[in-house]
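Q: With the sequence up front, the predicted model follows.
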Amino acid sequence: MVTAVIAIAPLSIVGIVLTATSWLDAALVALGFVVTLALVRKWSLDGYPRQAILALMFTTAAWIMGAVTASSPIGFVPMALVGALLLARTRRWRLWISAFAVSGSAIGASSFLFHPASWALAAQYLALPAVGTLFIVAVILLSEQAWQVVRRLERAQETEAELAVIRERVRFAGDLHDIQGHSLHVIKLKAALGRRVVHIDPDRADAEFSEIRRLVDETIEATRALTYARYELNLVAELENTKRLVEAVGVVVEVTFDNGSGSAAYPLLAQVLREATTNLLRHARPTFVTISASARSVKITNDGAADTGDFTLRGLARLRDRVEGTGGALRVERSLGTFVVFAWIDPASRTTEIEDGQ
């Protein structure tokens, strides 16, 4: 907005110098410009400054004085600038702008009261105020629209930044749940097992409690690594942990891993495996679990799913979004007492992601 006023002001100053009949008249018009610039500096998209109406009254009075004395036909410019600022945000702006241009020209017509009518006088105090006011209003409207576009872009950027922060918080919370939720559930199962065998098999109980301690240490380390963005699961290690865990609760498990491609598996596959294992231990009563994995995929099947009732995905739903975000897919199927979780990710996406992160 300041740019628009500055673009108009030099031409107006030249007009004042060329048309003003006295220093007093020139100083009055110049003072109108000073008032306008002071108003523009306080202008914002959130509302009108308190001084806007006073500025309009002052510049209108200055234009009336200039028209009556016919001292300078450029005297309408400060009034047109202030009026344009006020009218730029009205609803029926076309009607109000037309009325404002006519009013400026009507004020200029007062010059005929004390000066002989002539075509030159009509051009200076009737046509020039009307056309000049429309031109000034058009410039201000364009500046206002450009300002609005910039404001929307800034707000969009702020919103995107806030959404990025929210997404990162959700991701962090999900990773924290994957680490601590799984480990705490395993600790719970092992504590229950150790309690059952503490009297009949002290050595087994001691081994279970030692395993609990190891899990607690690993959880603390993994949480610390997550805090510093270093946490990453390993699929092969997670397969071994899952096998030991499922067997510890008395469930037969068969694990196969095919890494014929030789490429590293995507860590998200290990997280899918961990979440699926946690779910089947919490919500199912399986007697047999089959896990087949490769660098590209992981599939977990158990025979303990209920045939009736709805099931709601929580952790797996979050992981599905992350897997699909890498160009992969995650499917969950239930039929005839069997529950299957299958995830597929192209290992090349891991390399791409690393390169993008660099």
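A: Perfect, thanks for sending it.

Q: pretty sure Pro116 is in a helix, no?
A: No. Assigned with DSSP: H, G, I helix; E, B strand; the rest coil, Pro116 falls outside any helix and is coil.

Q: Phi, psi for it please.
A: In terms of degrees, to the nearest 10, the main-chain angles of Pro116 are phi -60, psi 140.

Q: How much space separates it from Ala106?
A: Counting by C-beta to C-beta, to the nearest Å, the gap from Pro116 to Ala106 is 19 Å. C-beta coordinates here come from the backbone N, C-alpha and C atoms, glycine included.

Q: and Arg151, how many neighbours?
A: Arg151 has 13 neighbours, counted by other C-beta atoms under 10 Å.

Q: Look up which helix or strand it falls in, please.
A: helix 128-176 (DSSP states H and E).

Q: What is that helix packed up against?
A: helix 2-19, helix 76-87, helix 93-108, helix 202-227, helix 315-325 (3 or more C-beta pairs under 8 Å, 6 or more residues apart in numbering; DSSP states H and E).

Q: Would you point to the one among those helices that's packed deepest?
A: helix 76-87 (a mean of 26; mean count of other C-beta atoms under 10 Å).

Q: Let me know the average pLDDT across it.
A: On average, the pLDDT along helix 76-87 is 80.

Q: do the same with stretch 104-122
A: Mean predicted lDDT for stretch 104-122 stands at 85.

Q: Ok, stretch 142-149 next?
A: 78.

Q: Now do the buried residues in it.
A: 143-144, 147 (16 or more other C-beta atoms under 10 Å).

Q: quick check, nearest of those to Leu239?
A: Closest to Leu239 out of the buried residues of stretch 142-149 is Trp147 (59.0 Å), distances taken as C-beta to C-beta.

Q: Let me know the distance separating the closest one from Leu85.
A: From Trp147 over to Leu85 (counting by C-beta to C-beta), the distance is 11 Å.

Q: and what of Val341?
A: When Val341 is compared with Leu85 (using C-beta to C-beta), they lie 63 Å apart.

Q: and if you look at Gly304?
A: 72 Å.

Q: Same check on Ser72?
A: In terms of C-beta to C-beta, Ser72 sits 22 Å off from Leu85.

Q: now swap in Leu153 and tell me
A: For Leu153 relative to Leu85 (C-beta to C-beta), the value is 22 Å.

Q: what do you get for Ile345?
A: In terms of C-beta to C-beta, Ile345 sits 57 Å off from Leu85.

Q: Burial check on the closest residue to Thr277 other than its chain neighbours, number of neighbours?
A: Using C-beta to C-beta, 6 or more residues apart in numbering and skipping residues adjacent in sequence, the residue nearest Thr277 is Thr242, 4.9 Å away. Other residues near Thr242 number 26, with proximity taken as other C-beta under 10 Å.

Q: How about the contacts made by Thr242?
A: By C-beta atoms under 8 Å, 6 or more residues apart in numbering, the contact set of Thr242 is 253, 255, 273-274, 277, 291.

Q: Neighbour-wise, which one of those leads?
A: Neighbour max across the contacts of Thr242 (other C-beta under 10 Å) = Thr277, 26 neighbours.

Q: burial count for the nearest residue to Glu144 once chain neighbours are set aside?
A: In this structure, Glu144 finds its nearest non-sequential neighbour in Ala88, 4.4 Å apart by C-beta to C-beta, 6+ apart. Number of residues near Ala88 (other C-beta under 10 Å) recorded here: 21.

Q: Quick check: Ala88 vs Ile136, distance?
A: From Ala88 to Ile136 the distance is 11 Å (C-beta to C-beta).

Q: what does Trp93 give?
A: 14 Å.

Q: Centroid-wise, who is the farthest residue in this structure?
A: Pro116 (64.6 Å; C-alpha atoms, centre = their mean).

Q: how close does that residue get to Ala70?
A: Distance from Pro116 to Ala70, by C-beta to C-beta: 10 Å.

Q: Then Leu121?
A: Counting by C-beta to C-beta, the gap from Leu121 to Ala70 is 7 Å.

Q: between the two, who's got more neighbours?
A: Ala70 (21 against 17).

Q: Surely that one is in contact with Leu113?
A: No. Assessed by C-beta atoms under 8 Å, Ala70 is found out of contact with Leu113, at 9.9 Å.

Q: so what's in contact with the two at the same time?
A: Counting by C-beta under 8 Å, 6+ apart, nothing touches both Ala70 and Leu113.

Q: and the residue farthest from the centre of the chain, what does it touch?
A: No contacts exist for Pro116 under C-beta under 8 Å, 6+ apart.

Q: Make 592 the starting number, not 1.
A: Got it, first residue is 592 now, which makes that one Pro707.

Q: Does Arg909 touch Asp766 like I think?
A: No. Assessed by C-beta under 8 Å, Arg909 is found out of contact with Asp766, at 9.9 Å.
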